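Colleague: can you look at this prediction? I've put the sequence above it.
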Amino acid sequence: MLEERKSIINLVKTISARFISFLSRRFNQRILFALQGCGENITVGRWVRIENPQCVMIGDNAELSDGCWLSVVIENKERGRRSVTLSPELSIGIGSYIGRFGTIACVEKVSIGRDVMISDRVFIGDSTHGHERIDLPICQQYLVSKGPVSIGDGTWIGIGVSILANVKIGRNCVIGAGSVVTRDVPDFSVAVGVPARVIRSTDAKP
């Protein structure tokens, strides 16, 4: 009797999980209709969050894996001061893949090229929190952008990488796992470390 009850409970849990997953995917697919530009055959995983989708463009056959967060900010706020209206642009190219729990924070411009492979738990951001005012907690100060971020076609970003503001990564680059990219990386380069530095170039130049 106890085993039968356990079996029923497990069955109910399985059905519930599958139903929640189905609803999540359906909801995420509806988000695509609100995008500024939306290609065909886009795959959206579970628990994906897209803020201000009217500022986001996603190309054909792109994929956003489970838990991705596209944080696009259109209003920059600081306590005690007037809010500043922003015009951010986030684009994800044809055939690009963003791994599980990837985060993209955009207040100015983040551009991801075609066929870019971004591994799990990668952070890409074109801004930081201001910290000049000592009378306010940092979280209540304006966001500050030092410049846009762009990632070239065919590049591979390893697991756990952070790509910070004002960085241009070229075509067909490899960014090693856990690296923190703070400066430009030329085409056909392999970069690793904290901060990331180029350790070699490939021989794949056309």
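Modeller: That came in fine, so what should we check first?
Colleague: find the residue at the geometric middle of the chain.
Modeller: Within the chain, one residue has its C-alpha closest to the average C-alpha position: by CA atoms, centre = their mean, that is I104, at 3.1 Å.
Colleague: for that one, which three-state class applies?
Modeller: Under the three-state scheme (DSSP: H, G, I helix; E, B strand; the rest coil), the conformation of I104 reads as strand.
Colleague: A strand includes L32, no?
Modeller: No. Secondary structure of L32, determined by three-state DSSP: helix, with no strand assignment.
Colleague: number of residues surrounding the residue nearest to it when sequence neighbours are not counted?
Modeller: In this structure, L32 finds its nearest non-sequential neighbour in C38, 5.0 Å apart by CB to CB, 6 or more residues apart in numbering. Heads up, the C-betas are built off the backbone N, CA and C, glycines and all. Look at C38: counted by other CB atoms under 10 Å, it has 17 neighbours.
Colleague: what's the answer for C173, then?
Modeller: Counted with other CB under 10 Å, C173 comes out at 24.
Colleague: circling back: any idea what the residue nearest to the centre of the chain is bridged to?
Modeller: Partner residues in beta bridges with I104: L70, I124, with DSSP bridges as the criterion.
Colleague: quick one on the thing from earlier: my read: the residue nearest to L32 touches I58, true?
Modeller: Yes. Using CB atoms under 8 Å as the test, C38 is close enough to I58 to be in contact (6.0 Å).
Colleague: and for those two, which residues touch both?
Modeller: Contact criterion CB atoms under 8 Å, 6 or more residues apart in numbering; residues bridging C38 and I58 by contacting each: L32.
Colleague: state the distance from P88 to I74.
Modeller: P88 sits 6 Å away from I74, going by CB to CB, to the nearest Å.
Colleague: so which of these two has more stuff around it?
Modeller: Just comparing P88 and I74: by other CB under 10 Å the higher neighbour count belongs to P88, 22 against 16.
Colleague: quick one: residues contacting that one.
Modeller: By CB under 8 Å, 6+ apart, the residues touching P88 are 52, 55, 72-74, 106-109.
Colleague: most neighbours, which of the residues you listed?
Modeller: C106 (28 neighbours).
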